[in-house]
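In: sequence and computational prediction follow.
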Amino acid sequence: MELVTVFIIAFILGIDAFSLSIGIGLCGIRPRQIYTVSATVALFHVIMPLLGLYVGKTLGTFIGPIASKLGAMVLILIGAYYLYEHFTSKGKSCDTDFDCSIVSTPLGLFLMAGSVSLDALAVGFGLGTIGVDLIVTVLIMGLVAGLMTFTGLSLGEKINLSVGEIAEFIGGVILVLIGIYLYFW
């Protein structure tokens, strides 16, 4: 898999973190928390796909050629889920009254980071069945997610929440297309 594709997938995986970070940024967050939250999300975006990659590579050795098709299907399903979420949330008002103090406790921080990196676990599984450079892939995913979290938190008060919705739609389409490409080629 080309490095460009890994960056695209990493960007798509960072969309959840970016969107949630915008909401947290709207509530106001201390500069030190921005770094802590960003680093934690980056770490989770390394650990989760690493776990998924390991399971995917292990499974790939057992089921052989079917594994790459299965991995491509996982990417297609995640992309389809993003699109489903985008279209089913249309017309609903965005609730920015959630508890922004979630990132002020270690447990809340881990829950937040874990929730935005669950899709990275599944994508890691899919990539593991295809065969990618493990270290480079997870480091790129972590770096991109950390930067997107940092950006979302920093700019939360300055940008419109619809940016996250548009990114979710585009990300879903791209994941489906990458999955289709990997399935057939």
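Out: Perfect, I can see it now.

In: pLDDT weak spots in this structure?
Out: 1, 64-65, 67, 90-102, 129, 131, 157-164, 167, 185 (pLDDT under 70).

In: go again with 90.
Out: Applying pLDDT under 90 to the chain flags residues 1-6, 8-9, 12-33, 49-138, 152-185.

In: in it, which helix is the longest?
Out: helix 31-63 (DSSP state H).

In: C-terminal to that helix, what's the next element?
Out: helix 65-88 (DSSP states H and E).

In: in that next one, what's buried?
Out: Buried residues in helix 65-88, counted by 16 or more other CB atoms under 10 Å: 67-68, 70-76, 78-79, 82-83, 86. Every residue, glycine included, has its C-beta placed from N, CA and C.

In: what of stretch 26-40?
Out: Under 16+ other CB under 10 Å, the buried positions of stretch 26-40 are L26, C27, I29, I34, T36, V37, S38, A39, T40.

In: closest one of these to I15?
Out: Proximity of the buried residues of stretch 26-40 to I15 (CB to CB) peaks at S38, which lies at 15.1 Å.

In: contacting residues for that closest one?
Out: Listed by CB atoms under 8 Å, 6 or more residues apart in numbering, the contact set of S38 reads G146, L147, T149, F150, L153.

In: select from the residues you listed every entry located in strands.
Out: Under the assignment DSSP state E, the contacts of S38 contribute nothing to strands.

In: most surrounded residue in the residues you listed?
Out: T149 (31 neighbours; other CB atoms under 10 Å).

In: can you pull the contacts of that one?
Out: Per CB under 8 Å, 6+ apart, neighbours of T149: G14, A17, F18, S21, V37, S38, V41, A42.

In: what's near enough to touch T151?
Out: If you count contacts by CB under 8 Å, 6+ apart, then T151 has F18, S21 around it.

In: hang on, the earlier thing: make TSV from the contacts of T149 and add distance to V6 to it.
Out: Output for the contacts of T149, formatted as TSV (distance: CB to CB, whole Å):
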residue	distance to V6
G14	13
A17	17
F18	18
S21	22
V37	24
S38	20
V41	18
A42	15
